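[1] need coordinates for the following:
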Amino acid sequence: MIQDSVSSGTRPGQHFRNFSVRLSPTPRGARLARLLAVEQLRFWGVPVDPACQIVAELAANAVTHGRVPGRDFRLTLYVIADTLRIEVTDTAGDRPPRPPQPGPDTESESGRGLLLVEALADRWGWAPELRPRKTVWAEVALPPDAARHHTS
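    Residues are numbered from 1 along each chain as shown. The predicted structure is shown next:
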């Protein structure tokens with residue numbers, strides 16, 4: 001299920017835009033999340049970077065650490081005024097996201113997704129949802145021109 005909507009706020013030049021899609025909790029689903037996000041952001045006229053990398057990391061985490069067989073994960077993108085909010089909801093609410101602690105033994109190539117999200121996003125966090133879900137989110141400030149751009 002894909003949803004896309006655009007509505008004008010009460011002030012001129014202010015828009016609310018959102019996009020939401022449910023995807024299979026597989027590597028293919030994670031890749032599709034990134035591809036769909038890139039296309040949606042381009043359609044809205046919003047900068048693709050660093051959002052596409054954030055989507056890729058959050059979707060990969062949902063597939064790797066939040067996967068429950070038979071339960072999809074959801075990608076949601078919002079543009080509200082001058083902020084892009086990225087949300088990935090999975091069905092492993094009992095497993096909160098934990099960024100790895102840096103140390104001398106941290107030589108693994110995996111497990112650094114949340115550190116990248118933290119570095120690329122202006123803000124990020126997570127929230128429990130209706131059992132058994134949780135949502136990991138990240139926000140990116142948009143340039144003034146991108147926040148006002150509207151594609152019909």
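
[2] look up how far Lys134 lies from Gly93.
    Going from Gly93 to Lys134 by CB to CB, to the nearest Å gives 4 Å. All C-beta atoms are positioned from the backbone trio N, CA, C, and that covers glycine.

[3] secondary structure element for the residue most central in space within the chain?
    Closest residue to the average C-alpha location of the chain: Ile86 at 3.2 Å, with CA atoms, centre = their mean. Under the criterion of DSSP states H and E, Ile86 resides in strand 83-90.

[4] wait, Arg133 sits on Glu87?
    No. Using CB atoms under 8 Å, Arg133 is not in contact with Glu87; the gap is 11.1 Å.

[5] re the thing from before, quick check: the gap between the residue nearest to the centre of the chain and Leu115.
    From Ile86 across to Leu115, the span is 16 Å (CB to CB).

[6] could you give the mean pLDDT of stretch 56-71?
    Average pLDDT, stretch 56-71: 87.

[7] from one end of that stretch to the other, what's the distance?
    19 Å (CA to CA, to the nearest Å).

[8] list the buried ones in it?
    By neighbour count on 16 or more other CB atoms under 10 Å, the buried set for stretch 56-71 is 56-63, 65-68.

[9] what's the local residue count around the nearest residue to Asn61 once chain neighbours are set aside?
    The shortest distance from Asn61 to any non-neighbouring residue, by CB to CB, 6 or more residues apart in numbering, is to Gly113 (5.2 Å). Per other CB atoms under 10 Å, the neighbour tally for Gly113 reads 22.
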